[in-house]
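Peer 1: Could you work out the structure for the sequence below:
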Amino acid sequence: MLDAAHDGVHALLVAATGAGKTLAGFLPTIVDLANSPAEGLHTLYVSPLKALAVDVQRNLMTPIEEMALPIRVETRSGDTSSDRKARQRIRPPQILLTTPESLSLLLSYPDSKLLFEGLKTVVVDEIHAFAKEKRGDLLSLSLARLQALAPKMRRVGLSATISDADAYRAWLAPDGDIDTVRLIKGDPGAEPDLSILIPDGRIPWSGHSGRYAAKQVMELIEAHATTLVFCNTRSLAELIFQQLWAVNDQALPIGVHHGSLSLEARRKVEAAMSDGRLRGLVATASLDLGIDWGNVDLVVQMGAPKGSSRLLQRIGRANHRLDEPSKGIIVPGNRFEYLEAQAALDAIADRELDPEQFRPGTLDVLAQHILGIACAGPFDEAELLAEVRSAAPYAGLTDAAWRRVLEYIATGGYALRAYDKYKKLVEETPGRWRLTRPQIAAQHRLNAGIIVDAPMMDVRFKNGRSLGRVEEGFAATLTIGDHIFFGGLGLEVVGMKDSDILVRASAKAARLVTYGGQRMSMSTHLAERVRIYLATPAEWRRFPDDVREWLEVQQRRSILPQPDELLVETFPHEGRHFMCIYSFEGWNAHQSLGMLITKRMETAGLKPLGFVANDYALACYSLDPVLDPRPLFSPDILEQEFVLWVEQSQLLKRAFREVAVIGGLVERQHPGKRKSGRQVSFSTDLIYDVLRKYEPEHLLLKAAWSDARARMTELGRLARLVDRAAATMVHVAATRVTPLAVPLMVVIGREAAPGGSADESLLIEAEALAAEAMRLD
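Peer 2: Sure thing, here's the model as predicted:
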């Protein structure tokens, strides 16, 4: 890293967690400032998480203070006080740690040229966490602007787990010129010590939480110095914390950490962890990245890992040292999850990481960036276009798309041009643009950002202390006197006021707070491995007895598909007819397919009653049997019906709400007052209806469509599923429920139940179903 800095080239450092990447990223800066002390901003560090910036500041100050160097290191994020933010612009520290959103806002000030013209280096940490998403688009545009303000600036990327380093070199490089970025690889370090926890040699038929193993996980916490317990969702983190607390006989200090808890609660937990005061911490992706707590000696993953890179990233939090193996244990929630967990371990052993999928930059983010640049002062259209195209995600931006984005910011689009509030830019002379009025800059800074949360409400004690936030949709189901479990506490709702839910502590049985949002789907290469396991009986010797028996009975009673086959089973059960499709394309694709197939069943007069999906399969059930499933899967389902369904569902509205906020069409707050989530939804729904009717080709409607296709329905995986259905489908008409179908069948009628309500009756039902499925007569 020192050599790259000496040669003045950009660099991408790929090294194992615990190898010392972050300090290596800063070392050239520290050496430079030690040799030639200087005031002014020298190095900008950009991280995906606020917590990461705080953690890095803590770790970076140690060597700086030990060497008594006159270097100031400060953080800047949404949590930074406004007076400190103002001071940072006038007298910046030599090293500033920030997030993509805060950097974008800094660039929107007229004095940004003065602040950044002496900038020597930008360090982008955990580059894999943003590059392929909208935050990466924003950061890439900001890097292009910084390069224009400070042409000699070096770009440095740091990453642990990536399978395609060249794709990231191209993303990091100005003008996508991969040869200008030197790749530096660290020593891979010790092999991780990974295993799967199977209490009493049994794995449940259903569920996805691993909660049945709470006692064994608590014993692991007791046997280790500090254990991190990772969960895939916020509700699951709350559930697992509750389960662990119930069996915490030694009353060990354990905590919970996720993104919806209040800043105060998160900071408290982070401080307790770094001081070594906690024995266990249940967490979500809010701690996935880079947080360095040296005394963590075990990581437990509850439920399936969903990808080998994600698992490596999480396991790397244990023994944050290169010369010692990280120790990790996976607790699968059901039998399919056992196969996925085994696939992840095998992928890691083969050094196979999740595939990298980059996509072109989105136009809603570009609109936000252009307006931000205009807030800093008038701009020349040709110069800004060249600058934007130097950012890799926008290298292919056409002249026509560029003009449409400018036109949208200038008028709001054809259907909205009569309203002054949407006119934000004006062409003062040909090719030179400025803001229409100065107030727009203040509005932009209040509302800019990429993360659009679902509408939220604050959970507070009566004394005003905030515990965190829950989604408005969940809050709407609460009434006074209800009991909820949140932030590791039992709470009773005592009142509702504006956007606050007032609570008091309670010891009564409580329900979990649930959150909407995207479900993580199993990665395509793990799905591929699971398909191979099913078709390779020689692999089964490694599996626990009950998993092996499950597959053997399935093979005798039905079939196990070859990796390229799509198995569809039909059978009657309790007066209804079921069709199970084992496609392994992930929850989002299966949800979308379930909607489309049940619509087709309705048209065919089969009287469908509903469907359930998980990452591995989809089950549709109806009053009349499906005799031939092939016509239900014809490829034209993705043309007419898919479009119709997405347009009529809430999906497109939800996607539009997000792009309308990011693209600046709808504002979340005005000086001194924030719109409630309901008001924002009302505004966006209103505009959405107007545009659908009068301007269906509007820039933001198009952006919402591509979002709905890519993220919410995973159209790529759905299309692959439908494409191979006709040629590779194997239909088995069974006389009763099959072993492979049991994990899906158990949850029918319980899909809406929160994660914690998988009670005793569910286990009894699962065993009864399993007994029927595993019978060999």
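Peer 1: count of neighbours near the closest residue in space to G255 that isn't next to it in sequence?
Peer 2: Here the nearest residue to G255 in space, its sequence neighbours aside, is V269; by Cβ to Cβ, 6 or more residues apart in numbering that works out to 4.6 Å. To be clear about C-beta, it is placed using only N, CA and C from the backbone, and glycine gets the same treatment. Neighbourhood size, V269 [other Cβ atoms under 10 Å]: 23.
Peer 1: swap in A442?
Peer 2: Quick note: A442 (other Cβ under 10 Å) scores 12 neighbours.
Peer 1: Quick check: it vs E264, distance?
Peer 2: Going from A442 to E264 by Cβ to Cβ, to the nearest Å gives 28 Å.
Peer 1: May I ask which helix or strand encompasses S592?
Peer 2: Here S592 is covered by helix 587-603, with elements defined by DSSP states H and E.
Peer 1: and if you look at L526?
Peer 2: Counting by DSSP H and E, L526 is found in helix 524-535.
Peer 1: From the contact counts, what lies against that helix?
Peer 2: Applying 3 or more Cβ pairs under 8 Å, 6 or more residues apart in numbering; DSSP states H and E, one finds that helix 524-535 contacts helix 335-349.
Peer 1: Quick check: the residue nearest to G255 touching I254?
Peer 2: No: the pair V269 / I254 is not scored as a contact, 10.2 Å apart, by Cβ atoms under 8 Å.
Peer 1: Mind listing the shared neighbours of these two?
Peer 2: Common neighbours of V269 and I254, counting by Cβ atoms under 8 Å, 6 or more residues apart in numbering, are 278, 281.
Peer 1: and I184, what are its phi and psi?
Peer 2: With angles defined as degrees, to the nearest 10, I184 sits at phi -120, psi 120.
Peer 1: Same check on the one 4 residues further on?
Peer 2: When quoted as degrees, to the nearest 10, the phi and psi of P188 stand at phi -60, psi -20.
Peer 1: That one: neighbouring residues, count only.
Peer 2: For P188, the neighbour count with other Cβ under 10 Å is 11.
Peer 1: quick one: it from G255, how far?
Peer 2: 32 Å.
Peer 1: Helices of the stretch 201-350 of the chain, start to end?
Peer 2: For the stretch 201-350 of the chain, applying DSSP state H, counting those that start in this stretch gives helices covering 214-223, 234-246, 263-274, 308-315, 335-349.
Peer 1: Out of those, which gets nearest to V181?
Peer 2: helix 308-315 (20.7 Å; Cβ to Cβ).
Peer 1: What angle do helix 335-349 and that closest one make with each other?
Peer 2: In terms of direction (axes from the mean of the first three to the mean of the last three Cα atoms, to 10 degrees), helix 308-315 departs from helix 335-349 by 80 degrees.
Peer 1: So what touches helix 308-315?
Peer 2: Identification of contacts with helix 308-315 by Cβ under 8 Å, 6+ apart yields 17, 128, 160-163, 192, 194, 228, 230, 288-289, 299, 301, 305, 326-328, 330, 344, 347-348, 352-354, 520, 523, 525-526.
Peer 1: still on that earlier bit, quick one: contacts for the residue nearest to G255?
Peer 2: 255-257, 261, 278, 281.
Peer 1: can you check L236 too?
Peer 2: Neighbouring residues of L236 by Cβ under 8 Å, 6+ apart: 209, 284, 302-303, 755.
Peer 1: quick one: which of those is nearest L769?
Peer 2: Out of those, the member with the shortest distance to L769 (by Cβ to Cβ) is S209, at 19.2 Å.
Peer 1: Measure how buried the closest one is and give me the count.
Peer 2: Neighbours of S209 (other Cβ under 10 Å): 25.
Peer 1: Ok, L44 next?
Peer 2: Counted with other Cβ under 10 Å, residues neighbouring L44 total 25.
Peer 1: again, but for H42
Peer 2: 21.
Peer 1: That one: what's it in contact with?
Peer 2: Contacts of H42 (Cβ under 8 Å, 6+ apart): 29, 32-33, 94-95, 118-121.
Peer 1: Mind telling me which of the helices of the stretch 201-350 of the chain the model trusts least?
Peer 2: Of all those, helix 308-315 carries the lowest average pLDDT, namely a mean of 78.
Peer 1: now that one against helix 524-535, angle please.
Peer 2: Using the same axes, to 10 degrees: helix 308-315 against helix 524-535 is 100 degrees.
Peer 1: any weak-confidence spans in the stretch 1-150 of the chain?
Peer 2: Confidence mapping of the stretch 1-150 of the chain against pLDDT under 70 gives the ranges 50-54.
Peer 1: Please identify, among the contacts of L236, the one with the most neighbours.
Peer 2: For these, the largest number of neighbours (other Cβ under 10 Å) sits with M302, at 28 neighbours.
Peer 1: what residues are up against the nearest residue to it once chain neighbours are set aside?
Peer 2: Excluding its sequence neighbours, the residue lying closest to M302 (Cβ to Cβ, 6+ apart) is G210, at 4.2 Å. Neighbouring residues of G210 by Cβ under 8 Å, 6+ apart: 217, 240, 302-303, 331-333.
Peer 1: Let me have those in JSON lines, extended by distance to A386.
Peer 2: Formatted as JSON lines, the entries for the contacts of G210 read as follows, by distance: Cβ to Cβ, whole Å:
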{"residue": "V217", "distance to A386": "55"}
{"residue": "I240", "distance to A386": "51"}
{"residue": "M302", "distance to A386": "49"}
{"residue": "G303", "distance to A386": "47"}
{"residue": "V331", "distance to A386": "52"}
{"residue": "P332", "distance to A386": "52"}
{"residue": "G333", "distance to A386": "51"}
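Peer 1: low pLDDT regions in the stretch 301-450 of the chain?
Peer 2: In the stretch 301-450 of the chain (pLDDT under 70), the answer is 317-322.
Peer 1: at 80 instead, please
Peer 2: The stretch 301-450 of the chain contains residues with pLDDT under 80 at 309-310, 312-324, 354-356.
Peer 1: So which of the contacts of H42 belong to strands?
Peer 2: Taking DSSP state E as the definition of strands, the contacts of H42 contribute 95, 121.
Peer 1: Drop anything exposed from the contacts of H42.
Peer 2: Buried by 16 or more other Cβ atoms under 10 Å: 29, 32-33, 94-95, 118-121, out of the contacts of H42.
Peer 1: out of those, which one sits closest to P561?
Peer 2: Closest approach to P561 among the buried ones among the contacts of H42 (Cβ to Cβ): T121, at 52.4 Å.
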